[in-house]
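K.L.:
structure, please.
(one chain, ligands or ions: 4)
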Amino acid sequence: MQTTVTPTHCPYCALQCGMNLTPAPDGTVEVSERADFPVNRGALCGKGRTAPAVLATNVRLTSPLVRDAGGSLVPASWDEALDRIAAELRRTRAEHGPDAVGVFGGGGLTNEKAYTLGKFARVVLGTSQIDYNGRFCMSSAAAAGIKAFGLDRGLPFPLEDIPKSGCVILVGSNLAETMPPSLRYFTELKENGGTLIVIDPRRTKTAEQADLHLAPRPGTDLALALGLLHLVIAEGRVDEEYIRERTVGWEDARAAAMAHWPEYVERITGVSVPQLRETVRLFCEPESAMVLTARGPEQQSKGTDTVGAWINLCLATGRAGRPLSGYGCLTGQGNGQGGREHGQKADQLPGYRKLDDPAARRHVAEVWGVDPDSLPGPGRSAYELLDALGTDIRSLLLMASNPVVSAPRAAHIEERIRSLEFLAVCDVVLSETAALADVVLPVTQWAEETGTTTNLEGRVLLRRRAITPPEGVRSDLEVMHELAARLGVEKGFPTDPEEVFEELRRASAGGPADYSGITYRRLAEENGVFWPCPAPAEAMDGGEDTLPDAPLPDDPARETPTAHPGTPRLFLDRFATPDGRARFVPVSHRATAEEPDDEYPVLLTTGRVVAQYQSGAQTRRVAELNAAAPGPFVEIHPRLAARLGAAEGDPVAVVSRRGRAVAPARITNAIRPDTVFMPFHWPGEGRANSLTNPALDPTSRMPEFKACAVRLEAVER
Ligand SMILES: Nc1nc2c(c(=O)[nH]1)N[C@H]1C(S)=C(S)[C@@H](COP(=O)(O)OP(=O)(O)OC[C@H]3O[C@@H](n4cnc5c(=O)[nH]c(N)nc54)[C@H](O)[C@@H]3O)O[C@H]1N2
Ligand SMILES: Nc1nc2c(c(=O)[nH]1)N[C@H]1C(S)=C(S)[C@@H](COP(=O)(O)OP(=O)(O)OC[C@H]3O[C@@H](n4cnc5c(=O)[nH]c(N)nc54)[C@H](O)[C@@H]3O)O[C@H]1N2
Ligand code: SF4
Ligand SMILES: [Mo]
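P.N.:
Ligands and ions are numbered 1, 2, ... in the order given. Here you go, the predicted structure:
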């Protein structure tokens, strides 16, 4: 066993906090402070601190499992398990065509794995049917960013810019719980005299820190942003010069905003006109200001337009592509950013290229050594893919997601998964979805393997292997290598992450997310590099063998054009559109897909608690986290609870058109009286996603996790 201290990064969220790992003699792994990483400067939340608990062999899978004739999952050899998967995928393709095989990935996968999974689907399986859980995460913000700026990178600036700005509006982010070490940037903002505005239907831990908290009705952020823009115009706060020089499309956006009178917006959102005016004043008066969105406004059936409206507000006031100003999205998963750049998305090729762009197909096909015409076209989005299981899609390979808990309308999706002819799952634990599989492959995780992730700032990071994996597990890269070989593709699926990264560099070269100037050596030396980071043209020409390592930071050669420094701040000179100008998008308010009515009079919104992560597959296996957050609950305003006759802790049934969930009442006046909130981390009776509405945003295909109509029923104890 290795015994040195290894600097690496947390397995969980998009902050990708730095930490040091040291294997202890008793086989456990110690986490200690890694102060040299600027994002968290040593601070960790409870999930990061306890992450090694999930490395222990007693909570994880250490042998492949295969479903036997009696229907039980039983241990099997790797060869038996891999042969079975290869045979079933081959059979499905022969009987029903390549698109009958589906692939579902995850934003927790490293860049190397996400890249290889996309290549595996297109080159080995020849299927168009691949998508991933990031579709449920930040796809609306990504779509809006591409429309307006020509590029999607979560934050266009480093977190360190936040405390120096004049005002930050946080729209639907509870980062005090979802990225606790990042709260420091916002308390420093206030200490420096800046203002923090939080927009959330609940008075969260984050909202408690705000100078101004607006609590709109869920699903009305689009109207809210339009109302603010209306006031900006009415009060003469528009930056005409900036609009002239750096944008196009203002007139239509202006006309749309003018139709959203403050009084009308107050009626829709429940946010008062004086509060709207105060927001505009605080946002417009300082030199610089930012708008940051997270899942609150994005996970809506109009999430793309909603983010577009917030971007319009930034553009109209000259607050994008200027120092300490801009619009950003707080990406969620560990590699939520990189995972959406390198090809596991239905419509995408590596480097954030478009699958339907002939030049992109030619470039990537050449790197892959295949005919561009052999690459399939775009496939279905995540929910649509899951919804087609058992019908159009007969067999599924799933890596790093647990949709039985996390997909909208989960009972239906669970039933679709059960109706598959064949399901293979790669995971570190026996998740609720893995438990339904025909073959489960146990894989290595963060501390046991090397790989890169890209954090919410667009900073590419090196996660290093710190310990030896237990007997019996293999890496996702080895799985894809072995399956490719069994399906007749002997070459092109290396198991060494650095070798994959070298290929990813070439595949991404010249694309919007250009990693070609980044090497493992640079990542180690520089503590991360922001993309785009192109390699000088001559360096790429000779192919991977001649790529020089970039010079070290203190090397004078760094000043020469051979090493690109990376791009911490985007858009300062121009936006990534053909003419360099940002685009206003004309948007208008529209209702939530399912508005409350007599039968379902209450709005349900969903989200997270600090001590559990996502579907809980990992964190529900950590005793300390379970003690802090043992199970689901329903947050209810006292008035609503009184009408129901429910006291604190009483079980309450929440019923929607899709299903029913039961969880104890948590009575609090920190939530609007017309809204209830449930966290989505648990399976079974308290599964929030039994209720949620899979109404999709027409552009991003994001489901409406943040608003559906429900009724409450008292339950006998
Ligand atoms: N502890 C923990 N941390 C995590 C995760 C986790 O599961 N657990 N997951 C990671 C991932 S993948 C993600 S995507 C991020 C998510 O991070 P966040 O976006 O911060 O998390 P959520 O709790 O989903 O939603 C944020 C807030 O949106 C509010 N909200 C609900 N509906 C609306 C609405 O209509 N409008 C507005 N303005 N707000 C609304 C909710 O009340 C909630 O407080 O967290 C990451 N970090
Ligand atoms: N109601 C409601 N539902 C939601 C949301 C919401 O706000 N409300 N948020 C949505 C969002 S933003 C997200 S991101 C999704 C997330 O939901 P999921 O996609 O279910 O995400 P996780 O629970 O993180 O699942 C990751 C799985 O991969 C495994 N894993 C970890 N590392 C690796 C690895 O390296 N390789 C492999 N093969 N497996 C690995 C973990 O053990 C776990 O089982 O949930 C969405 N669902
Ligand atoms: S904030 Fe995110 S990255 Fe940091 S320790 Fe917690 S879960 Fe890990
Ligand atoms: Mo997410």
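K.L.:
outline the domain layout of this structure.
P.N.:
With domains defined by automatic domain parsing, the chain comprises 6-55, 65-136+335-503, 155-330, 602-714.
K.L.:
isn't Leu44 right next to Met19, touching?
P.N.:
Yes - contact criterion Cβ atoms under 8 Å: Leu44 and Met19 qualify, at 6.1 Å. C-betas here are computed from N, CA, C, even on glycine.
K.L.:
which neighbours do those two have in common?
P.N.:
10, 31, 33 (Cβ atoms under 8 Å, 6 or more residues apart in numbering).
K.L.:
list the beta-bridge partners for the second one.
P.N.:
Meaning Val31. Leu21 (DSSP bridges).
K.L.:
returning to that earlier point: what is the nearest of the shared contacts of Leu44 and Met19 to Pro158?
P.N.:
Cys10 (18.1 Å; Cβ to Cβ).
K.L.:
on that earlier part again, Leu44 and Met19: which is more packed in?
P.N.:
Neighbour count, other Cβ atoms under 10 Å: between Leu44 and Met19, Met19 has more, with 26 against 21.
K.L.:
can you tell me the element Arg49 falls in?
P.N.:
In this structure, Arg49 sits in helix 46-50 according to DSSP states H and E.
K.L.:
can I get the domains of the chain in JSON lines with mean pLDDT and distance to ligand 4?
P.N.:
As requested, these are exported to JSON lines (pLDDT from 0 to 100; distance: least, Cβ to the ion, whole Å):
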{"stretch": "domain 6-55", "mean pLDDT": "96", "distance to ligand 4": "8"}
{"stretch": "domain 65-136+335-503", "mean pLDDT": "98", "distance to ligand 4": "6"}
{"stretch": "domain 155-330", "mean pLDDT": "98", "distance to ligand 4": "7"}
{"stretch": "domain 602-714", "mean pLDDT": "98", "distance to ligand 4": "7"}
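K.L.:
how about a markdown table for the ones you listed, with distance to ligand 2 added?
P.N.:
Conversion of the domains of the chain to a markdown table gives the following (distance: least, Cβ to the nearest ligand atom, whole Å):
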| stretch | distance to ligand 2 |
| --- | --- |
| domain 6-55 | 7 |
| domain 65-136+335-503 | 3 |
| domain 155-330 | 5 |
| domain 602-714 | 3 |
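K.L.:
closest to Arg521 out of those domains?
P.N.:
Going by Cβ to Cβ, the one of those nearest Arg521 is domain 65-136+335-503, 9.4 Å.
K.L.:
can you give me the strands for the stretch 51-200 of the chain?
P.N.:
65-67, 73-75, 101-105, 130-132, 167-171, 195-199 (DSSP state E, counting those that start in this stretch).
K.L.:
for the first one, packing partners?
P.N.:
In this case it means strand 65-67. strand 73-75, helix 78-96, strand 439-442 (3 or more Cβ pairs under 8 Å, 6 or more residues apart in numbering; DSSP states H and E).
K.L.:
run through the helices of the stretch 451-600 of the chain in chain order.
P.N.:
Applying DSSP state H, counting those that start in this stretch to the stretch 451-600 of the chain gives helices spanning 476-486, 497-508, 520-526, 537-541.
K.L.:
of all the residues in the longest one, which ones are buried?
P.N.:
To tie it back to what came earlier, the one meant is helix 497-508. For helix 497-508, the neighbour count (16 or more other Cβ atoms under 10 Å) marks 497, 500-508 as buried.
K.L.:
for Lys205, what are its contacts?
P.N.:
Lys205 neighbours (Cβ under 8 Å, 6+ apart): 174, 176-177, 610.
K.L.:
ok, of the residues you listed, which come out buried?
P.N.:
Counted by 16+ other Cβ under 10 Å, those give 174, 176-177, 610 as buried.
K.L.:
for the closest residue to ligand 4 within the stretch 51-200 of the chain, which non-adjacent residue is spatially closest?
P.N.:
The stretch 51-200 of the chain approaches ligand 4 most closely through Cys137 (3.2 Å), counting by Cβ to the ion. In space, not counting the residues next to it along the chain, Cys137 is nearest to Gly332; the distance is 4.9 Å by Cβ to Cβ, 6 or more residues apart in numbering.
K.L.:
quick one, phi psi at that neighbour?
P.N.:
Here is the backbone geometry of Gly332 (degrees, to the nearest 10): phi -100, psi -60.
K.L.:
my read: it touches Ser139, true?
P.N.:
No - using Cβ under 8 Å, Gly332 is not in contact with Ser139; the gap is 11.1 Å.
K.L.:
quick check: mean pLDDT of stretch 505-520?
P.N.:
The average pLDDT within stretch 505-520 is 98.
K.L.:
got a list of contacts for stretch 659-672?
P.N.:
With Cβ under 8 Å, 6+ apart as the criterion, stretch 659-672 contacts 201-204, 215, 217, 270, 409-411, 631-638, 641, 646-654, 677-678, 685-688, 690-691, 715.
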